[in-house]
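let's see this in three dimensions:
(one chain, ligands or ions: 2)
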Amino acid sequence: MLESFFEPASIAVVGASRTPGKVGHDVVKNLVEEGFEGEVFPVNPKADEVLGLECYGAVTDIEDEVELAVIVIPAQFVPGVLDECAQKGIGAVIIISAGFKESGEEGAELERKLAKKCAEHGIRCIGPNCLGVMSPHLKMNASFGPAMPQPGHIAFFSQSGALGTAVLDVAVGEAIGMSRFISYGNKADVDETDLIEALGEDERTGVILGYVESVDDGQRFMDVARRVTHVKPVIMLKSGRTSAGARAASSHTGSLAGSDSAYEAAFAQCGVIRAETVGEFFDYARAFAGQKPPIGNRIAVVTNAGGPGIIATDAAGSSGLQMAELSEETMRTLNESLPPQASVQNPVDVLGDAKADRYQAALDAIAEDENVDMLLALLTPQTSTEVVETARAIGRIADKTEKPVLATFMGRASVSGGWKVLQQKSVPDFHYPDSAVMALGAMCRYGDWLQSELHEPPTYDFDDSAIEETIEEAGRGGRDTLGERQARGIARACGIALPRSEFAADEDAAAEAANDIGYPLVLKLSSDDILHKSDAGGVKLDLESEEEVRRAFREIMESARQYDPDAAVEGVLVQENAPAGREVIIGLNRDPQFGPVIMFGLGGIYVEVLKDVVFRVAPLTEREAWKMIEEIRAARILKGFRGQPRADLEALADCLLRVSQLGVYYPQISECDLNPLFVYPEGKGVMAVDVRFGLDSSS
Ligand code: ADP
Ligand code: MG
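Residues are numbered from 1 along each chain as shown. Ligands and ions are numbered 1, 2, ... in the order given. From the prediction side, this is the model:
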């Protein structure tokens, strides 16, 4: 699909320059000096030759076919050159030139013009404002980046050119092999989703790495990534974790959803491995490039020192891994081959004086053990340690077993001899045991993902005409939140259980409704201007008689007046007292990139103070709904704890799925809070005692 960028037969460099140090010179030089095997045509009307190559006045003057054009001329001339490229039949251009969107409104206008021209001519474009593209296998360095990594199977794309150069430098310095390097800059045309799709199909690429600052079309990104990650790992570093982009929100969900929570959720839902730091990014890259993911989460550690073994054990716990219980047989073998002081329990301690043969024997036995899914060999340099020989032994094990084998040779000066050997054997090596374990944790999550099937979200029968009418009615009123009655109407139409409620505009009506519903009951302030009723003294629970109801009505009216004298108060909601249940919150919010996002957490302090909430991009599958329930830190409170029965998690998952469907089917609903939803013991269902919806009148 984007082959012309990765494997072109011929490249024109528009803006080729004879002056060393200029970008237009460096691009030609990089192509020539790296030994690009295809044709290179410098284009510059003011030069006859550049670096010994014949120079052309325009791409249209080139007689041979040109597959790719690299453009390095001042921004204002770029649109004109695109016309010439089209005339010449060039279907792919890399625009290195800066001076577009990144430089202000004028540049942004120029960029829109450029994008339009590309679309008109059917030209695919990488950039503008980028470093260029490299394909080390072809010796193609179509960039002004200083050095090209050796061929390998990691593809790396970066929105930031500077980060791109830094990554290249690491790759060259650590001899990490790459299949493609793409700096895609302002992404006027080709974006991260296009690249993931193309690299997913690229046979040279085994691991995809990406640095992004934003994802443009969230749903399309997820669709593509979900497919590609089932074939090869996609590791992303996404910057901009703060919630600066989050808009002022009138719901709990809105205020808890930072701009990053949707990314976090989306990446996890489509199998993208997210690196939290640049360090992790490289760690994961090396781990995934070297070894296959494990099929389970049980790790075995072999070490020549106790401390690092314990550090690895701790890290395993926090990375979702389990220390493997070695089989009787393995322990017998270890007992036979190791000195009596050695520990044959995982982490296996081969002792400080261990030479390569002890590592070999221990790893051999452990690799065979069915209780072990992955191996980590730890080495600290001690007097009799055989660094290089041990590295070779680890390499032999890695060759033999299907299980991933990682190494940590701690130190610098005396262990560096081992690094090279490990690298040749594709055994990823880490400076620290905890980073090795973290990487194994990520591989394990990916292994899980590979084994998971693609599920479809379920569909529910909603009373759609009721929902549509309510939305229309509210839209006519020009409001951006739905009134109590409308909100409850929508929840009911979605099949969400609600306590019986009646609206009452005055005290007498409240008394009448109360007698109708029966005691005990609840009175709640009804006002579109007051969002948090309790804050305004607007919720009275456990009212036992008409007298109490009348008093509660007057008190609510009085405290609402004091709370906000300007608030329009419609009256009260007389509501059945719901039996006590475990309080949770379910929310719906809209993310500018990914669309509907569902939030879940326990109510009360868990959400207010601890912010113990999880997010997913809708539509949810059943599996994702269950995962949400599992993932909150307080999950045990729902699963049954200290004599409390297990809550009706089926009904809870069902409710999450209904809100998800509402979010997907009705883009006009901008926000929703079920806060709280009472969850009853198993078989007893759920009940939404407070529902709120926001409307987006523009959609
Ligand atoms: P708000 O969130 O606007 O302050 P709610 O309707 O959520 O108002 O009520 C506040 C609290 O009162 C809820 O969190 C819940 O604990 C309790 N509550 C509300 N409605 C009922 C009800 N019908 N039955 C029992 N408790 C209720
Ligand atoms: Mg509430």
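
quick one: classify the closest residue to Met236 other than its chain neighbours as helix, strand or coil.
Using Cβ to Cβ, 6 or more residues apart in numbering and skipping residues adjacent in sequence, the residue nearest Met236 is Gly210, 4.8 Å away. (Each C-beta comes from the backbone N, C-alpha and C, glycine too.) Counting by DSSP: H, G, I helix; E, B strand; the rest coil, the backbone at Gly210 sits in strand.

Gly210 and Phe157 touch, don't they?
Yes: with contact taken as Cβ atoms under 8 Å, Gly210 and Phe157 are classed as touching, separated by 5.0 Å.

what touches both of the two?
Both Gly210 and Phe157 are contacted by Glu192, Leu195, under the criterion Cβ atoms under 8 Å, 6 or more residues apart in numbering.

residues contacting the residue nearest to Met236?
Contact analysis of Gly210 by Cβ under 8 Å, 6+ apart lists Phe156, Phe157, Ser158, Glu192, Leu195, Ile196, Val234, Ile235, Met236, Leu237.

burial measure for the closest residue to Pro149 other than its chain neighbours, as a count.
Nearest non-adjacent residue to Pro149, counting by Cβ to Cβ, 6+ apart: Ala171, 3.9 Å away. By other Cβ atoms under 10 Å, the residues close to Ala171 number 23.

element containing Ala171?
Element membership of Ala171, judged by DSSP states H and E, is helix 161-173.

Leu375 now?
Using DSSP H and E, Leu375 maps to strand 374-379.

same question, Ala175
With elements delineated by DSSP H and E, Ala175 resides in a region that no helix or strand encompasses.

returning to that earlier point: show me what the helix holding Ala171 is packed against.
Contacting helix 161-173 under the criterion 3 or more Cβ pairs under 8 Å, 6 or more residues apart in numbering; DSSP states H and E are the following elements: strand 151-158, strand 178-183, strand 207-212.

so the nearest residue to Gly57 once chain neighbours are set aside: helix, strand or coil?
Nearest-residue entry for Gly57: Pro45, 4.3 Å, with adjacent residues in sequence omitted and distances by Cβ to Cβ, 6+ apart. Reduced to three states with three-state DSSP, the structure at Pro45 is coil.

give me the neighbour count for Pro45.
Residue crowding around Pro45 was assessed by other Cβ under 10 Å; the count is 9.

against ligand 2, how distant is it?
In this view, Pro45 and ligand 2 are 70 Å apart by Cβ to the ion, to the nearest Å.

for the most centrally placed residue in the chain, what are its contacts?
Centroid check for the chain by Cα atoms, centre = their mean gives Phe267 as the closest residue, at 2.5 Å. The contact partners of Phe267, by Cβ under 8 Å, 6+ apart, come to Ala225, Met236, Lys238, Ile273, Arg274.

give me the element it is part of.
Using DSSP H and E, Phe267 sits within helix 259-269.

that helix vs strand 207-212, what angle?
Between the axes of helix 259-269 and strand 207-212, defined by axes from the mean of the first three to the mean of the last three Cα atoms, to 10 degrees, the angle is 170 degrees.

beyond helix 259-269, next helix or strand please.
Using DSSP H and E, the helix or strand that follows helix 259-269 in sequence is strand 273-275.

just the closest of the contacts of Phe267 to Ile394, please.
Ile273 (24.4 Å; Cβ to Cβ).

which residue packs closest to the closest one, ignoring adjacent ones?
With Cβ to Cβ, 6+ apart as the measure, Ile235 is the residue that lies nearest to Ile273, at 4.6 Å, once sequence neighbours are left out.

circling back to that earlier point, where's the residue nearest to Met236 relative to Ala198, distance?
In this structure, Gly210 and Ala198 are 12 Å apart, going by Cβ to Cβ, to the nearest Å.

list the residues that contact Ile96.
Listed by Cβ under 8 Å, 6+ apart, the contact set of Ile96 reads 23, 27, 70-72, 127-132, 143-144.
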